[in-house]
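> I'd like to go over a predicted model; first the sequence, then the structure.
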Amino acid sequence: MDRMNYALADTEIPTHWYNLMADLPSPPPPVLHPGTKQPVGPDDLKPLFPMALIMQEVSTAPTIEIPEEVQQIYRKWRPTPLYRARRLEQELGTPAHIYYKYEGASPVGSHKLNTALAQAYYNREEGIRRIATETGAGQWGSALALAGAYMGIDIQVFMVKVSYQQKPYRRAMMETYGARVVPSPSEETNAGRTILKQNPASTGSLGIAISEAVEVAATHADTHYSLGSVLNHVLLHQTVVGQEAIKQMEKAGEYPDIVIGCAGGGSNFAGLSFPFVGANLKKGKKTRIIAVEPASCPSLTKGRYAYDFGDTAGLTPLVKMYTLGHAFLPPAIHAGGLRYHGMAPLVSHLHALKLIEARAYPQRACFEAGIQFARCEGTIPAPETNHAVKAAIDEALRCKQSGRKEVILFNLSGHGHFDMQAYSDYLSGSLQDDVYSEQELAAAMADLPSVP
Ligand SMILES: *Cc1c(COP(=O)(O)O)cnc(C)c1O
């Protein structure tokens, strides 16, 4: 029988995270203080993050050891399975081999727990009692809520009010794990109260929720802030995914010609691809690495590589990244986890160096791909993940035309069990390919901060 599942023993989970910084041909540009425009130092970030994570943010060590306690909890769901999508290959009639790494196997249903757990661990080790964060659709909030339960840390989640109202099951999940979920804008912070005074009916935004969470962390000595994507240390923690995949591809007797991930802030893409980027740089491998984003929020494919704020309100340090402008508000697509105006600085740096490719797809084509995948393989991908599925199918169809047997590997970053409303909308024909306004994009681009 042909194998479909390339499992690893739980003794084979990585003991170290892989740090791409050590293998880059040139270092990424420094993070700048928004006032002085000088590189930020560790002390600038101390009110928000534990020192261990601040040091990981700038580390150039080739690997960083995963704390034993974190490894132990990883074993609850890691190593995640690597599957070969043989039924999809047959349906497409392609000579390509399609593999996917299934991060939906985590208890919260996505890759985000890989970093949530590590972040909660380092905060607890530093004596922090509470972490404040924001969540849009609820995936990051759920992951941090469970990580807080494992590590004995209180989690306060500012959830964008419109999602709080529309996604009651994600809220219930966070509360089940013991987190306190507050609809944002709230009366609990100056940032929230200011917004509510201007507009009592505000349904919130990710930018406002970030401002509230950062304010709580900055004004309480026992509280820190936590981010689920974008930052170097978040990408670092996700590299368990790609390291496992390399071992599993070995068991399958193959090596990928193409590695694909969907990219919102860039963390699941980086988690799968960075170890393969490292092999390209160090071992002369020639794997194509493709980041896939939504056509309605195309930071890598349509954005500018420039210094910008990480949040909408302009409170964070300035990072150089592909950005659509921090004031850009993308259309409300169902792949909420991909609606970020920028891209991780490390992923941006790779794109600027032409070490990775990027492409964008509209959402309906992605749902069509996700449904084709589900009918062959069973797993229903998250709307975000469907962007990676669509790219994998397109590459497999290209192989069909050329008759070349290429090996394709993509990251199935999460399952879509909490996103069935989006599938319903697609199936009933009411899902639109929302396009952003060129005028709004131009205005947001004109609002980029000036950096000498
Ligand atoms: C959050 C999320 C994403 C997007 O975030 P990245 O940091 O770009 O990975 C993608 N897929 C799933 C399932 C998510 O939960």
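Looks like it came in fine.
> quick one: R78 and Q243 touch, right?
No - applying CB atoms under 8 Å, one finds R78 not in contact with Q243, separated by 10.5 Å. Just so you know, the C-beta spots here come from the backbone N, C-alpha and C atoms, and that holds for glycine as well.
> Can you pick out the residue with more neighbours from these two?
Legend: neighbour count by other CB atoms under 10 Å for R78 and Q243, higher for Q243 (24 against 21).
> looking at it, that one is touching E12, isn't it?
No - using CB under 8 Å, Q243 makes no contact with E12, being 9.8 Å away.
> How about the helix or strand T301 falls within and the ligand, any contact?
Element membership for T301, per DSSP states H and E: helix 299-302. No - judged by CB under 6 Å from any ligand atom, helix 299-302 makes no contact with the ligand; its nearest approach is 10.6 Å.
> buried residues in that helix?
Applying a neighbour-count criterion of 16 or more other CB atoms under 10 Å, one finds 299-300, 302 buried in helix 299-302.
> Take the residues you listed and write them to CSV, including pLDDT.
CSV is the format used below for the buried residues of helix 299-302 (pLDDT from 0 to 100):
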residue, pLDDT
S299, 96
L300, 98
K302, 95
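> quick check, nearest of these to Y121?
Nearest to Y121 among the buried residues of helix 299-302: S299, at 30.3 Å, using CB to CB.
> How many residues are close by the closest residue to I128 other than its chain neighbours?
Closest residue to I128 apart from its sequence neighbours, by CB to CB, 6 or more residues apart in numbering: H224 at 4.9 Å. Residues lying near H224 (other CB under 10 Å) number 28.
> Three-state assignment for H224, please.
Under DSSP: H, G, I helix; E, B strand; the rest coil, the three-state class of H224 is strand.
> For beta bridges, what are the partners of it?
H224 forms beta bridges with I131, as assigned by DSSP bridges.
> Number the chain from 48, please
With 48 as the first residue, the last one maps to H271.
> ok, it touching A264?
Yes - the pair H271 / A264 is scored as a contact, 5.3 Å apart, by CB under 8 Å.
> Which element, helix or strand, includes the closest residue to G185 other than its chain neighbours?
For G185, ignoring the flanking residues on the chain, the nearest one in space by CB to CB, 6+ apart is R217 at 2.9 Å. R217 belongs to helix 215-223 when elements are defined using DSSP H and E.
> Next: H388.
Short version, using DSSP H and E: H388 is in no helix or strand.
> check contacts around it.
Applying CB atoms under 8 Å, 6 or more residues apart in numbering, we find H388 in contact with 344, 346, 355, 359, 370-375, 377, 491.
> Please flag which of those residues sit within helices.
346, 491 (DSSP state H).
> out of the contacts of H388, which are inside strands?
Here DSSP state E is the test, and the contacts of H388 give 355, 370 as lying in strands.
> helix/strand/coil for the spatially closest residue to R451 that is not a sequence neighbour?
In space, and not counting its chain neighbours, R451 is closest to P142: 6.7 Å by CB to CB, 6+ apart. Using three-state DSSP, the structure places P142 in coil.
> just checking, P142 touches I455?
No - contact between P142 and I455 fails when scored by CB under 8 Å: they sit 11.1 Å apart.
> List phi and psi for the closest residue to the ligand within the chain.
Closest contact between the chain and the ligand, by CB to the nearest ligand atom, is at G461 (2.6 Å). Here is the backbone geometry of G461 (degrees, to the nearest 10): phi -170, psi 160.
> Find me the pLDDT at it, would you?
pLDDT for G461: 98.
> so what's it up against?
The neighbourhood of G461, defined by CB under 8 Å, 6+ apart, consists of 150-151, 156-159, 186, 428-429, 431-432.
> My read is that P341 contacts A435, right?
No - using CB under 8 Å, P341 is not in contact with A435; the gap is 11.6 Å.
> Determine the residues that are contacts of both of H271 and A264.
Here H271 and A264 have 95, 178-179 as joint contacts, going by CB under 8 Å, 6+ apart.
> Now distance to L474 and neighbour count too, for those residues, in TSV please.
Listed next are the shared contacts of H271 and A264 as TSV, based on distance: CB to CB, whole Å; neighbours: other CB atoms under 10 Å:
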residue	distance to L474	neighbour count
L95	42	19
I178	38	29
A179	38	28
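> show me where the stretch 248-397 of the chain has strands.
270-272, 305-309, 335-341, 351-356, 365-370 (DSSP state E, counting those that start in this stretch).
> Which pLDDT value belongs to M48?
Listed pLDDT for M48 reads 49.
> That should have said H284, apologies.
98.
> Any figure for the gap between it and A69?
16 Å (CB to CB, to the nearest Å).
> likewise S233?
S233 sits 42 Å away from A69, going by CB to CB.
> Which one's more surrounded, those two?
Per other CB under 10 Å, whichever of S233 and A69 has more neighbours is S233, with 20 against 14.
> For the more buried one, give me phi and psi.
Torsion angles, degrees, to the nearest 10, at S233: phi -120, psi 170.
> can you pull the contacts of the spatially closest residue to it that is not a sequence neighbour?
Spatial nearest neighbour of S233, excluding adjacent residues (CB to CB, 6+ apart): G239 at 4.2 Å. When contacts are counted by CB under 8 Å, 6+ apart, G239 touches 231-233, 255, 259.
> now G239, what's its secondary structure?
Put simply, G239 is helix when judged by three-state DSSP.
> Mind pulling up the pLDDT for E59?
For E59, the predicted pLDDT is 89.
> Over to G384?
G384 is assigned 78 on the pLDDT scale.
> So which of P142 and I455 has more stuff around it?
The neighbour comparison of P142 against I455 (other CB under 10 Å) goes to I455, with 27 against 14.
> Test my guess that that one contacts V436.
No - if you go by CB under 8 Å, I455 and V436 don't touch, sitting 10.9 Å apart.
> picking that back up, phi, psi of the residue nearest to R451?
In terms of degrees, to the nearest 10, the main-chain angles of P142 are phi -80, psi -10.
> circling back to that earlier point, among the contacts of G239, which one has the most neighbours?
Within the contacts of G239, neighbour counts (other CB under 10 Å) peak at S231, which reaches 32 neighbours.
> Quickly run through the sheet partners of the helix or strand hosting A407, with directions.
For A407, the host element (DSSP H and E) is strand 404-408. Strands that pair with strand 404-408, judged by DSSP bridges, come out as strand 335-341 (parallel).
> hmm, who's touching the partner strand?
Under CB under 8 Å, 6+ apart, the answer for strand 335-341 is 304-311, 313, 316, 320, 323-324, 327, 346-348, 377, 380, 382, 385-386, 394, 397-398, 402-410, 413, 434-435, 437-438, 442.
> Restricted to buried residues, select the residues you listed in PyMOL.
Buried members of those, defined by 16+ other CB under 10 Å, are picked up in PyMOL with:
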select buried, resi 304+305+306+307+308+309+310+311+313+316+320+323+324+327+346+347+377+380+382+385+386+394+397+398+402+403+404+405+406+407+408+409+410+413+434+435+437+438+442
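> Could you tell me which residues of the stretch 148-297 of the chain lie near the ligand?
Neighbours of the ligand within the stretch 148-297 of the chain, by CB under 6 Å from any ligand atom: 157, 159, 186, 276.
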